[in-house]
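In: what follows is a predicted structure for the sequence shown.
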Amino acid sequence: MFAEDAHVDLADAGKVQVVVVEGKAMAFLLGGRPMLTVRGLLAYRPTRRYVTVDMGAVKFVYNGADVMAPGIVEADPAIAVGEFVWVRDERNRQPLAVGEALMTGPEMAAAEHGKSVKTVHHVGDDLWKLDEPV
């Protein structure tokens, strides 16, 4: 995924290991499982494993809340329970968070209640702040 000549490091950051590419935290490993950070999502623009939330849910997800089924307007139908997914807003399709799927993609799109995604990383958290100037 990263450029062949990119400088890539692995660093411990609490409960996760961070993959640092050219000085930027682009991915992380949680329990040995890899996922792009929100900054990595912005840079590499994946097209799979997305969960789209309505604009009313954005402020909650942006602040680290888990994703509830009523706020979901679309989900990749290939999502399986336990997979890492990324959460985006419906208007701009911009990434807001990364989490673990608690339902399949089709279940998320159809459900009217319940928690669908457990958030593990979001804009503004400590992992996000690793790339902010000191």
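Out: Cool, the structure landed.
In: before we move on, which element is the residue positioned nearest the centre of the chain in?
Out: In the chain, the C-alpha nearest the mean C-alpha coordinate belongs to Val98, at 1.8 Å (C-alpha atoms, centre = their mean). Of the helices and strands defined by DSSP states H and E, Val98 is found in strand 95-101.
In: low-confidence stretches in this protein?
Out: Applying pLDDT under 70 to the chain picks out residues 1-2, 134.
In: returning to that earlier point: immediately after the strand holding Val98, which helix or strand?
Out: helix 105-110.
In: now the end-to-end length of stretch 18-37.
Out: End-to-end distance for stretch 18-37: 9 Å, by C-alpha to C-alpha, to the nearest Å.
In: what's the burial count for Lys24?
Out: When neighbours are counted by other C-beta atoms under 10 Å, Lys24 registers 15. To be clear about C-beta, it is placed using only N, CA and C from the backbone, and glycine gets the same treatment.
In: check contacts around it.
Out: Arg39, Ala43, Asp131 (C-beta atoms under 8 Å, 6 or more residues apart in numbering).
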